[in-house]
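Participant: need a 3D model of the following:
(2 chains)
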Amino acid sequence: MRNAQFWFVYLLMALLQLALTNYGSVTPYIMITILPVMVLCIPIRTGTVAAMGIAFITGLAVDWLSEGVLGLNALALVPVALSRDGIIRLVFGKELFARKEDFSTKRSGFPQVALAVFFSLVIFLLVYIWVDGAGTRPFWFNVGRFFASLAISYLACLLSVGTLAPSHK
Amino acid sequence: MRQQTVFPKLANLAVFILLEIASLYLITHNAPLQRTWVGRAGHAFMGAVWGRTQAIGSYFSLSRTNEELARENQELMDQLLYARERLQRQKVDSLYQESHPGFTLIPAEVVKMSRNKQHNYLILNRGYADGIQDKSGIITRHGVVGIVDAVSEHHSFVFSFQNSDVSISARLGEEGSHGLLVWDGITSNGAILKEVPLHYRYQPGDTVFTSGHSVIFPPDIPLGLVGDAHVVNGSTNEINVVLFQDFKTLRYVSVAHNNSFDEIEELTP
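Facilitator: I've put the predicted structure just below:
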């Protein structure tokens, strides 16, 4: 039941991401994304291979339904899914895997969740901005875009994580 | 236990690579900018990889390359020696021309020669198109070779000195007696100097020269060295001569034509 609820919220978040992609691009320096936190919050019982598949389909759907380059979000999101296990082990410890419990802000603490979100967002933005620039944009433009997008997207992700990984879990 | 941890990681990696390749495929087929970028990166990667493998392949094929270089070097050495020989011959011919005033010398090459008959001949690669005339003498640095008997446009037929019908006017020493030099009919470098007066003194090892009494050969060409002798009919000596010219190694010759030949012939009864 809780699983079905999660995937319903996941779907709503994907629609929100579509809206952010289509209407949230006010400057080339800023891109707003909540996709990394969506992938990070996929239940632990879902294996890495399945998580990568879900990330790929999600990224592809967002690309297809928005005006982006088809495959770009998928390319940046799959590494997040691959490193999801590692980030969770690093930030929350191995106990979550032993108990097969998902992390939440109440159980794991907001700072740790924020740190995990930060890591996943950094991975996503590094790949996304690097490939999106395709070697045509200056290095400092990419650096500026990375930090500006990191700041805004981090805020959006922290606001979303409460919905995806609620405290009552 | 170890397999249980390694296999999932490999599976994760394989699926990850697969999905990333799929993403890249989609990107390159939908965005020209990214397509160019990925293509360029791919070319750079391939260039680096193939360049390295090419270097490795070149290292292992060094032995074959060395053999090819050695063979090529040998061919170049042969060409160099041939060129030097030709150059040397041209210099000698030039000196020859200066040492035989009154004669025109034309270099030629023997293209055919018989040596195992009593009436041997040569064929040269020069004819009347090259200025060759019949009754010209064939000489080398080592002596006389024969007399031109017939000329075509590009070739000449020569009676070899190794022909029982050919005789040359020769002289013993710098100012000695004259006689007729003929082939001994047996060896490739043997001759007989006939009709040498008995009173004439000579020593074995003296040099025999062309006399200059012939209109065909220039004078003072060294022909050979005096060997043993015997008296013929109690009136003349016949002296064995070892020729300088070895017909077995004959290849390049000079055709000597007396510039006054026609004038002298007209005066001859």
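
Participant: up against chain B, what does chain A have?
Facilitator: Residues of chain A lying close to chain B (CB under 8 Å from any CB of the partner chain) are A:47-49, A:52-53, A:56, A:59-60, A:63, A:69-72, A:74-75, A:78-79, A:82, A:131, A:134-136. Any C-beta I mention is one placed from the backbone N, CA and C, and that applies to glycine too.

Participant: buried ones among those residues?
Facilitator: A:48-49, A:52-53, A:56, A:59-60, A:63, A:69-72, A:74-75, A:78-79, A:82, A:131, A:134 (16 or more other CB atoms under 10 Å in any protein chain shown).

Participant: in helices only, show me those.
Facilitator: Judged by DSSP state H, these include A:48-49, A:52-53, A:56, A:59-60, A:63, A:72, A:74-75, A:78-79, A:82, A:131 as members of helices.

Participant: for the chain, longest helix please?
Facilitator: You didn't say which chain, so I picked chain A. helix A:139-164.

Participant: wait, chain B was what I had in mind.
Facilitator: Chain B, longest helix under DSSP H: helix B:62-99.

Participant: for that one, packing partners?
Facilitator: strand B:103-113, strand B:252-258 (3 or more CB pairs under 8 Å, 6 or more residues apart in numbering or on different chains; DSSP states H and E).

Participant: highest mean neighbour count out of the ones you listed?
Facilitator: strand B:252-258 (a mean of 22; mean count of other CB atoms under 10 Å in any protein chain shown).

Participant: okay, which residue is most central for chain A?
Facilitator: A:Pro36 (0.6 Å; CA atoms, centre = their mean).

Participant: what stretches of chain A score poorly on pLDDT?
Facilitator: The model of chain A has pLDDT under 70 over residues A:1-2, A:67, A:166-169.

Participant: residue of it closest to chain B, please.
Facilitator: A:Gly71 (3.1 Å; CB to the nearest CB).

Participant: tell me the domain ranges of chain B?
Facilitator: B:2-60, B:103-267 (automatic domain parsing).

Participant: among those, pick out the one with the most neighbours on average.
Facilitator: Most buried among the domains of chain B, given mean count of other CB under 10 Å as the contact rule, is domain B:103-267, at a mean of 17.

Participant: name the nearest residue to the residue in chain B that chain A sits nearest to, sequence neighbours excluded.
Facilitator: Chain A sits closest to B:Leu26 of chain B, with a gap of 3.1 Å, by CB to the nearest CB. If the residues on either side of it in the chain are set aside, B:Leu26 comes closest to A:Gly71, at 3.1 Å by CB to CB, 6 or more residues apart in numbering or on different chains.

Participant: pLDDT weak spots in the stretch 51-200 of chain B?
Facilitator: B:51, B:54, B:58, B:91-100.

Participant: B:Ala150 belongs to a strand, doesn't it?
Facilitator: Yes: B:Ala150 forms part of a strand when assessed by DSSP: H, G, I helix; E, B strand; the rest coil.

Participant: so who does it touch?
Facilitator: Counting by CB atoms under 8 Å, 6 or more residues apart in numbering or on different chains, B:Ala150 makes contact with B:Asp134, B:Ser156, B:Phe157.

Participant: in helices, which of the residues you listed appear?
Facilitator: Short answer: the contacts of B:Ala150 have none in helices (DSSP H).

Participant: now, which of those sits nearest B:Phe244?
Facilitator: B:Phe244 has its nearest neighbour among the contacts of B:Ala150 in B:Ser156, at 22.9 Å by CB to CB.

Participant: give me phi/psi at A:Phe8?
Facilitator: The phi/psi pair for A:Phe8 (degrees, to the nearest 10) reads phi -70, psi -50.

Participant: take the helices and strands packed on helix B:62-99 and write them to TSV, including distance to chain A.
Facilitator: Supplementary listing: the helices and strands packed on helix B:62-99 in TSV, determined by distance: least, CB to the nearest CB, whole Å:
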stretch	distance to chain A
strand B:103-113	70
strand B:252-258	71
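
Participant: neighbours around the closest residue to A:Tyr128 other than its chain neighbours, how many?
Facilitator: Using CB to CB, 6+ apart and skipping the chain neighbours, the partner closest in space to A:Tyr128 is A:Ala76 (3.9 Å). When neighbours are counted by other CB atoms under 10 Å in any protein chain shown, A:Ala76 registers 26.

Participant: hang on, A:Ala76 packs against A:Ser120?
Facilitator: No: with contact defined as CB atoms under 8 Å, A:Ala76 does not reach A:Ser120; the gap is 10.7 Å.

Participant: in the longest helix of chain A, what's buried?
Facilitator: Buried-residue list, helix A:139-164, by 16+ other CB under 10 Å: A:142, A:145-146, A:149-150, A:152-154, A:156-158, A:160-161, A:164.

Participant: quick one: that helix to chain centroid distance?
Facilitator: The chain centre lies 10 Å from the centre of helix A:139-164; the measure is CA atoms, centre = their mean, to the nearest Å.

Participant: contacts only, for the residue nearest to B:Leu26.
Facilitator: A:Gly59, A:Leu60, A:Asp63, B:Ala22, B:Ser23, B:Leu24, B:Tyr25, B:Leu26, B:Ile27, B:Asn30.

Participant: from those, which shows the smallest pLDDT?
Facilitator: Ranked by pLDDT, those bottom out at B:Asn30, which scores 77.

Participant: can you give me the helices for chain B?
Facilitator: B:2-30, B:32-60, B:62-99, B:261-267.

Participant: residue contacts, the nearest residue to A:Ile34 once chain neighbours are set aside?
Facilitator: Among residues not flanking A:Ile34 along the chain, A:Ser160 sits closest, at 4.7 Å (CB to CB, 6+ apart). A:Ser160 sits next to A:Met13, A:Leu16, A:Ile34, A:Val37, A:Met38 when contact means CB under 8 Å, 6+ apart.

Participant: in a markdown table: the residues you listed, plus distance to B:Ala108 and secondary structure.
Facilitator: Listed next are the contacts of A:Ser160 as a markdown table, based on distance: CB to CB, whole Å; DSSP: H, G, I helix; E, B strand; the rest coil:
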| residue | distance to B:Ala108 | secondary structure |
| --- | --- | --- |
| A:Met13 | 102 | helix |
| A:Leu16 | 103 | helix |
| A:Ile34 | 99 | coil |
| A:Val37 | 100 | helix |
| A:Met38 | 99 | helix |
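
Participant: and the two most separated of these?
Facilitator: Most distant of the contacts of A:Ser160, by CB to CB, are A:Leu16 and A:Val37, 11.4 Å apart.
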